[in-house]
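Need coordinates for the following:
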Amino acid sequence: MYFQFSVISLVMLMLTFKYMLVLLMMIELMILNISMVMFSVFSIFNMDFYLVYYLVFSVCDSVLGITLLVLVVRYSGNDLYYFFNITKF
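Numbering: from 1, shown residues only. The predicted structure follows:
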């Protein structure tokens, strides 16, 4: 069941590449699916502290992504992903 959600979020990530906010939401959905799988695996072996480490890093990742989104919207005025050019930054 978790694998189906991961495949769905990966397909949506490949198909909706226009807006950066949608990309960040699909990545967060994949992180949520991975954390559910890790919870089910680690709870069997009583290694739940690894899940806490993973959740801390995933929260830091999402904060970094939302910060980059705010900076891009502030400087360019929109979050259209295909207008980004690496040489601008």
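
Can you tell me the centre-most residue of the protein?
With distances taken as C-alpha atoms, centre = their mean, the residue of the chain nearest its centroid is Ile27 (2.5 Å).

That one against Leu69, yeah?
No. In this structure, Ile27 is not within contact of Leu69 by C-beta atoms under 8 Å, at 11.6 Å. C-betas here are computed from N, CA, C, even on glycine.

rewinding a little: just to confirm, which helix or strand has the residue nearest to the centre of the chain in it?
Using DSSP states H and E, Ile27 maps to helix 20-44.

So the residue nearest to the centre of the chain versus Gly65, what's the distance?
According to C-beta to C-beta, to the nearest Å, Ile27 and Gly65 sit 7 Å apart.

same question, Ser58
10 Å.

Tell me who's in contact with the nearest residue to Asp79 once chain neighbours are set aside.
Distances taken as C-beta to C-beta, 6 or more residues apart in numbering put Met20 closest to Asp79, at 4.3 Å, once the chain neighbours are dropped. Residues near Met20 by C-beta atoms under 8 Å, 6 or more residues apart in numbering: Leu69, Val72, Asp79, Leu80, Tyr81.

Name only those of those that count as buried.
With neighbours counted using 16 or more other C-beta atoms under 10 Å, these contain these buried positions: Leu69, Val72, Asp79.

my read: the second one touches Asp79, true?
Yes. Between Val72 and Asp79 there is a contact under C-beta under 8 Å: 6.2 Å.
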